[in-house]
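Enquirer: Task: produce atomic coordinates for the following.
(chains A, B and C)
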Amino acid sequence: MTEVTSFRNNPLIDPHLEIWEWQIPGYLFLGGLVAGLMILNGVWRLFYSDKEGRSITRNGAVAAPVLLSLGMFLLFLDLSYKIHVFRFYTTFNPASPMSWGSWILLLVYPVQILTLALPGGIERFGWRFSFLNPLWDKIKIYAERYNVAVSTSNIVLGIGLGIYTGILLAVNAARPLWNVSLLGPLFLVSGLSAASAWNLLARPNDAEKKLLVRWDIGLLGIELIFLMLIIIELSTGPIGKQAAAGLFLGGNYTASFWVFIVGLGILLPLWLEIREAIGRYVPHWLGPLLVLGGGLALRIVFVYAGQISSMPEITLFR
Amino acid sequence: MKFPVSYYAEWTPYFGLLIAWIIGIGFGFFLERGGFGNARKLAAQFYFKDFAVLKVMFTAIVVAGLGFWGLVLLGLLDLSATYINLTFLGAQVIGGLILGVGFVIGGYCPGTSCVAVSTGKLDALVYLAGILFGIFVYSEFAPILDKLHNSGSMGEVYVWQWLHVSPGVAMILAVLMAVGAFTAATIVERKKKSIVQP
Amino acid sequence: MEKTKAQPYWQPYYAGLGLGLVLLLSYMLLGQGLGGSGAFARLLYSIMHSVAPGHVEGNPYMAKYFADGANPLNNALVFLVIGVFTGGLISGLLAGRVRKTVEKGPNISVKGRFIFAFAGGTLMGFAARLARGCTSGQALSGGATLALGSWAFMFAVFAGGFAAAWFVRRQWL
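Expert: Residues are numbered from 1 along each chain as shown, chains lettered A, B, ... in the order given. All right, here's what the predicted structure looks like:
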């Protein structure tokens, strides 16, 4: 039995951890998805400007800010002290990814407004918001003049946002499962494949479709390699990390990891999209839907599994 | 190697779930190969047109049964570590009759309806909703139906015990029965030329 | 994307051989057979439990699935059925048999078929619970292991099917 004493094992003295529930994986998923949409949009505008985009540009401009706001709302729901949210912005701590994250998010919104003003975004406001139109026209001129800069910022901020959603977990040294070098890149790649899937679901034109399917195949392949490298890194690491790998190799999250993330989230859609790429029939919505589900499962499993993985206990008081 | 592996190799339950998924893939694959994702093919059985249900089921039972009892008789498979369906004769006969009626009305059984949904059959989706509703009805009234549910309880009892023969003899009888049924079914099918294809 | 012509189904003996080997493998690896309806019961109960936990726990038949804080979805049958969906899709795509259709005879409307499908599903769900298993869990698994009740169940299923067939012939013929 653990006795409650005046100096230990007392929630008022020992730090007491709140359990992260569905809001955090939801936020990480949406953050990664938005990052992917921004990067794809920037890449398309910079390198495929000869082709007309429909799904990529529209989702990069319109869906991204909406989804990001939804994600921020989930994060806000998770905060215990909602009124203190402004304090994120009263300080800047270069060693804290939380701090980096809040500032990246602050930069993302203006870039997204400029993206929205580019062709493919919002042309004019109608109805009640028509009073915004004179101002909007000015923003549009400005955005088009700095077209290349806006597209580049989409890519740069997207990469930052995508990696941050992983680094946010990875800096927790006390959680061996998260404390792996590839978690940031993994979440970035997963966000990119989720964004390709999202674009594929949103009625892309033929040129986009061909490209998105090919990108998605590559991204899913990289994601699979990263996942396997993480498993290897964990299982060859110190005892705490080996225990974390065990969660996926026989432990509580074995089935959820291999079935929902690897099997249904990567391998099955990979096969479906390769079939699609070589011109065989597949229901075109199925692969992308599985990719989105797999991306969400990845965050849910890592957030929940990470919270039960911990460093080997060191006894200080005997 | 001794079977079941999960018992002797002390698999964690979570690893068992992963293996169950892989086994399920095989199950679904062969169900679909046999045409069990098609309600017309399944129902044709009951109009003496296409005996795929009988043939696939009995082939599977004979193949698995021979392997299963072969391993048991060689002492490689531990019956006590294996889940064997308990016998509740009353519940199983009445349940079986209702299930048979439901089969020809609905056109699927629960396992085959999954395969049908996977291959885009909309009626199977409706059928699955019916399954959930039926389970709901039963479960709500389960305390009242408890007596019927446990009627004819005989515990873990085998066909060969009931026939007073050895398991090997019972398997041979099952094989003979299957071969006889297949022959009769094939004669009827040939006469009608009514094998259902997609 | 051209839809290729659907390939014919396999000879039932080959499909039966494959199915039998999968069933045998299940007993050899997991020590249990296959099952179709258990997963749907577990899914239903976990949905019901999240909506009305008190109601589910007050019914001893459903409450046993939640004993000691258990999650009814952490079960081999559930993952097996997820696999069945996956395997059916793989086989169907490889053979060009995946397409949106309604399977029915020529003399019944789609709406009529849906009504029959729902009614049949309801009877099946009810009966599978009553008999502790469906065609896969009882007839196939119990059949191979020579469980007495499962053989009685199997003959009852064929009897029920042949008896009712004449009354619903309009649906299929």
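
Enquirer: which residues touch the nearest residue to residue A:293 once chain neighbours are set aside?
Expert: The shortest distance from residue A:293 to any non-neighbouring residue, by C-beta to C-beta, 6 or more residues apart in numbering or on different chains, is to residue A:265 (6.3 Å). Where C-beta positions appear, they are placed from N, C-alpha and C, glycine not excepted. By C-beta atoms under 8 Å, 6 or more residues apart in numbering or on different chains, the contact list for residue A:265 reads A:290-291, A:293-295, A:297-298.

Enquirer: most neighbours, which of those residues?
Expert: residue A:291 (31 neighbours; other C-beta atoms under 10 Å in any protein chain shown).

Enquirer: from memory it sits against residue A:269, does it?
Expert: Yes. In this structure residue A:291 lies within contact range of residue A:269 using C-beta atoms under 8 Å: 4.9 Å.

Enquirer: Now do the same for the residue of chain A found nearest chain B: helix, strand or coil?
Expert: Closest to chain B within chain A is residue A:255: 3.5 Å, counting by C-beta to the nearest C-beta. What DSSP: H, G, I helix; E, B strand; the rest coil gives for residue A:255 is helix.

Enquirer: What residues does chain B have near chain A?
Expert: Within reach of chain A by C-beta under 8 Å from any C-beta of the partner chain, chain B has these residues: B:11-12, B:14-15, B:17-18, B:21, B:120.

Enquirer: Check those residues and tell me the two furthest apart.
Expert: Greatest spacing in the residues of chain B next to chain A, by C-beta to C-beta: B:12 and B:120 (36.3 Å).

Enquirer: How confident was the prediction at the residue nearest to residue A:293?
Expert: In this prediction, residue A:265 carries a pLDDT score of 96.

Enquirer: next one: residue A:185
Expert: For residue A:185, pLDDT reads 94.

Enquirer: Now it. Nearest residue, chain neighbours left out?
Expert: Using C-beta to C-beta, 6+ apart, the nearest residue to residue A:185 is residue A:226, at 6.2 Å.

Enquirer: Please identify the helix or strand for the one you found.
Expert: helix A:206-235 (DSSP states H and E).

Enquirer: can you list contacts of the helix or strand that that helix is followed by?
Expert: Downstream of helix A:206-235, the first helix or strand assigned by DSSP H and E is helix A:239-246. Taking contacts as C-beta under 8 Å, 6+ apart, the residues outside helix A:239-246 that touch it are A:176-177, A:179-180, A:231, A:233-237, A:305-306, A:309-312.

Enquirer: Report the central residue of chain C.
Expert: Per C-alpha atoms, centre = their mean, the C-alpha nearest to the average position across chain C is that of residue C:36, at 3.7 Å.

Enquirer: can you pull out the strands in chain B?
Expert: Assigned by DSSP state E, the strands in chain B fall at B:87-88, B:153-155.

Enquirer: Lowest average pLDDT across those?
Expert: Least confidently modelled of the strands of chain B is strand B:153-155, at a mean of 90 by mean pLDDT.

Enquirer: still on that earlier bit, ok, and which of the strands of chain B has the densest surroundings?
Expert: strand B:87-88 (a mean of 24; mean count of other C-beta atoms under 10 Å in any protein chain shown).

Enquirer: Any idea how far that strand is from the middle of the chain?
Expert: The chain centre lies 16 Å from the centre of strand B:87-88; the measure is C-alpha atoms, centre = their mean, to the nearest Å.

Enquirer: Stretch A:62-80 too?
Expert: 12 Å.

Enquirer: Now it: buried residues?
Expert: Of all the residues in stretch A:62-80, those buried under the rule 16 or more other C-beta atoms under 10 Å in any protein chain shown are A:62-65, A:67-68, A:71-72, A:74-75.

Enquirer: Now whichever strand or helix holds residue C:42 - C-alpha only, PDB.
Expert: In this assignment (DSSP H and E), residue C:42 forms part of helix C:37-51. Provided in PDB are the C-alpha atoms of helix C:37-51 (Å, rounded to 0.1, in the frame of the first residue of the first chain):
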ATOM      1  CA  SER C  37     -22.500 -12.500 -35.000                       C
ATOM      2  CA  GLY C  38     -20.600 -12.100 -31.700                       C
ATOM      3  CA  ALA C  39     -18.800  -9.000 -33.000                       C
ATOM      4  CA  PHE C  40     -22.100  -7.200 -33.800                       C
ATOM      5  CA  ALA C  41     -23.500  -8.000 -30.400                       C
ATOM      6  CA  ARG C  42     -20.400  -6.500 -28.800                       C
ATOM      7  CA  LEU C  43     -20.500  -3.500 -31.000                       C
ATOM      8  CA  LEU C  44     -24.100  -2.900 -30.200                       C
ATOM      9  CA  TYR C  45     -23.600  -3.300 -26.400                       C
ATOM     10  CA  SER C  46     -20.700  -0.900 -26.400                       C
ATOM     11  CA  ILE C  47     -22.700   1.700 -28.200                       C
ATOM     12  CA  MET C  48     -25.700   1.100 -25.800                       C
ATOM     13  CA  HIS C  49     -23.300   1.300 -22.900                       C
ATOM     14  CA  SER C  50     -22.000   4.700 -23.900                       C
ATOM     15  CA  VAL C  51     -25.500   6.000 -24.300                       C
END
